[in-house]
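Student: Below are the sequence and a predicted model; questions follow.
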Amino acid sequence: MDIKTTIATVLKDGFILVFNQDKLDIVKTAEALLAAGIGNMEVTCRIKQPLEKLSRLRKELPDFVAGAASLIDWPAMLKVYNAAHADDPLPSLQQVVDAGASYLVSAVNFSDAGYEKFAGKVPMIPGCGSATEIVSQYSKGANLCKIFPAKELGGPAYVKAIDPAIHKTISLVPTGGTNATNIPDYVGAGVLVLGGSFSMTDKATLAKIIDEQDYKLLAQELTVVKVLIDRLREEKYPTLDFAQASVEQIAKTTGRDFNIGR
């Protein structure tokens, strides 16, 4: 899957689910997302056996856009962590790409070496906490920049405050604390894609989904999120059909650049 197709899917969806539940089946979760009209999710490497689960997902649903997240692209830190967790080590960028990752996500910045190897080939979404980090990571090849932890950084008000500093050019993906209450404010602040985990679902409903392995109910919950994001983006960009628009058309209409073809 090429970089433009992957980014187009993420932009079309407007949402990236953080798959961080070991008690849910990864393929059935992806199928629930597809039923909700969402064609991607990020598989966090904080779950057990992330490489095996990512490989299985790509094998059983080859057209589904599966990213890898919670990556540590810093060899010294990765070495220390893996020495202490030899039974379940964190994979490298190369390992998740080999397992079939369509895009790469981190809660922190990617290294220069990571960009040299993967920028322009695999979409990269680094975690950023300041306007300087956003501009720096974008300049090295990031396609979108993850704002994390979004809630603790200030939520929609933070995004709105730093957007002028980046000249409203780089597409931000707030992740952490996103929910139906603040999604309208994020979209209003110019956000095109939001990240969110299963915590967006109330605890009782999520417990039912997990305990009963009710993927139909999960699809219903995800549909609510998708419909909300679609409606809000349509209101903000009435001339833009995200379901059909190309990456270039989205960039032209929204003013956001996705770092393709540099």
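Tutor: Happy to help now that I have it.
Student: which parts of the host helix or strand of residue 32 are buried?
Tutor: Mapping residue 32 onto the secondary structure by DSSP states H and E places it in helix 26-35. Within helix 26-35, the residues scored as buried using 16 or more other C-beta atoms under 10 Å are 26, 27, 29, 30, 31, 32, 33, 34. Every C-beta, even on glycine, is put in place using the N, C-alpha and C of the backbone.
Student: and those as a markdown table, adding distance to residue 59 and pLDDT?
Tutor: Supplementary listing: the buried residues of helix 26-35 in a markdown table, determined by distance: C-beta to C-beta, whole Å; pLDDT from 0 to 100:
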| residue | distance to residue 59 | pLDDT |
| --- | --- | --- |
| 26 | 11 | 98 |
| 27 | 9 | 98 |
| 29 | 15 | 98 |
| 30 | 12 | 98 |
| 31 | 14 | 98 |
| 32 | 18 | 98 |
| 33 | 17 | 98 |
| 34 | 16 | 98 |
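Student: got the contact list for the helix holding residue 32?
Tutor: Identification of contacts with helix 26-35 by C-beta atoms under 8 Å, 6 or more residues apart in numbering yields 17, 19, 21, 39-41, 43, 53-54, 56-57, 60-61, 64, 66, 213, 215-216, 218-219, 222-223.
Student: For ChimeraX, write the selection for the buried entries among those.
Tutor: In ChimeraX syntax, the buried subset of those is picked out as below (16+ other C-beta under 10 Å):
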select :17,19,21,39,40,41,43,53,54,56,57,61,64,66,215,218,219,222,223
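Student: Just the ones in helices from the contacts of helix 26-35, please.
Tutor: Judged by DSSP state H, the subset of those located in helices is 53, 54, 56, 57, 60, 215, 216, 218, 219, 222, 223.
Student: with these in mind, which one is nearest to residue 204?
Tutor: When the ones in helices among the contacts of helix 26-35 are compared for distance to residue 204 (C-beta to C-beta), residue 218 comes out closest, at 13.8 Å.
Student: ok, residue 233 - contacts?
Tutor: Applying C-beta under 8 Å, 6+ apart, one finds that residue 233 lies in contact with 14, 187, 192, 240, 242.
Student: closest to residue 99 among the buried residues of helix 26-35?
Tutor: For residue 99, the nearest member of the buried residues of helix 26-35 is residue 26. The distance, counting by C-beta to C-beta, is 12.2 Å.
Student: Using JSON lines, lay out the buried residues of helix 26-35 together with distance to residue 101.
Tutor: As requested, those are exported to JSON lines (distance: C-beta to C-beta, whole Å):
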{"residue": "26", "distance to residue 101": "13"}
{"residue": "27", "distance to residue 101": "16"}
{"residue": "29", "distance to residue 101": "16"}
{"residue": "30", "distance to residue 101": "14"}
{"residue": "31", "distance to residue 101": "19"}
{"residue": "32", "distance to residue 101": "20"}
{"residue": "33", "distance to residue 101": "16"}
{"residue": "34", "distance to residue 101": "18"}
